[in-house]
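1. let's see this in three dimensions:
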Amino acid sequence: MISPDLLKNTLLFRGMNDDEIKTALGTLRGSTKKYRKNQAVLHAGKTTESIGLILSGGVTVESNDLWGNRTVLSHVGPGDFFAETYALTKNEPMLVDVTAGEPSEILFLNISTLLETPAERWQMTLTRNLLMISARKNLILSRRSFHTSPKSARSRIQAYLNSVSLQTGSRDFSIPFNRQQMADYLNLDRTALSKELSRMKKEGIIDFWKNHFRILSGN
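-> All right, here's what the predicted structure looks like:
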């Protein structure tokens, strides 16, 4: 059984005591599973009744079409959740794939049972927290539209790095993507992304090492 202490600081279980968390884990059939790097967690076209909570590691949520085009929609790290929308809308085929970006351990919760049992205090708290999670996910998707709407590669890179800088409150930060994932997220060819990053570095606009960036110029 997962320790309540490990979960009480996550957004889903916020405001719940140890006994309520234990009850929730039992009612929602909580179970954990470990994944290797690049191992599939959920597949597009399939349905799920469970949401996933990242205990360690991280996953990417991505769209892969029949023609081999790949678009990274988001990265989900420790303490965050994925698949909550599909879990609550029963029998809705997933339009995305979820893949472990590194060795990961995930807690799965059958959230569909939340709608089938009498409302107790912990269920009302959980439902409220789910609403907050959904609102956050909507912000993430909206944010990505700002990052991919500019036409030039430089403008997309600047939009993304500016957003991360605002979120972290610093001009010196790490991003959750490697180069290929960053290219997929920004809808750019990896070679084009790498060339533009190199040009921006030579011009003294940014500095970077792997996935760590520093913004050098700007207001």
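
2. what residue ranges in the chain score low on pLDDT?
-> Counting by pLDDT under 70, the chain contains low-confidence ranges at 1, 115-118, 218-219.

3. do a quick rundown of the strands in it.
-> With DSSP state E applied, the chain shows strands at 31-35, 40-42, 50-56, 59-64, 70-76, 81-82, 97-100, 104-110, 172-174, 206-209, 212-215, listed in chain order.

4. which residues sit against the fifth one?
-> Contact with strand 70-76 is made by 52, 54, 58-64, 82, 96, 98, 101, 137, 140-141, 144, 176-177, 181, 184-185, 187, as judged by Cβ atoms under 8 Å, 6 or more residues apart in numbering. Backbone N, C-alpha and C define where each C-beta goes, glycine included.

5. just name the most buried of the strands of the chain.
-> Ranked by mean neighbour count under mean count of other Cβ atoms under 10 Å, these are led by strand 81-82, which reaches a mean of 24.

6. report the contact partners of the closest residue to Leu186 other than its chain neighbours.
-> Setting aside the residues directly before and after it, Leu186 is nearest to Arg156 in space (Cβ to Cβ, 6 or more residues apart in numbering), at 4.6 Å. Arg156 makes contacts with 147-148, 150, 186-188, as judged by Cβ under 8 Å, 6+ apart.

7. could I get the strands of the chain as JSON lines with distance to Leu88?
-> Formatted as JSON lines, these follow (distance: least, Cβ to Cβ, whole Å):
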{"stretch": "strand 31-35", "distance to Leu88": "19"}
{"stretch": "strand 40-42", "distance to Leu88": "15"}
{"stretch": "strand 50-56", "distance to Leu88": "8"}
{"stretch": "strand 59-64", "distance to Leu88": "16"}
{"stretch": "strand 70-76", "distance to Leu88": "17"}
{"stretch": "strand 81-82", "distance to Leu88": "12"}
{"stretch": "strand 97-100", "distance to Leu88": "16"}
{"stretch": "strand 104-110", "distance to Leu88": "11"}
{"stretch": "strand 172-174", "distance to Leu88": "32"}
{"stretch": "strand 206-209", "distance to Leu88": "39"}
{"stretch": "strand 212-215", "distance to Leu88": "36"}
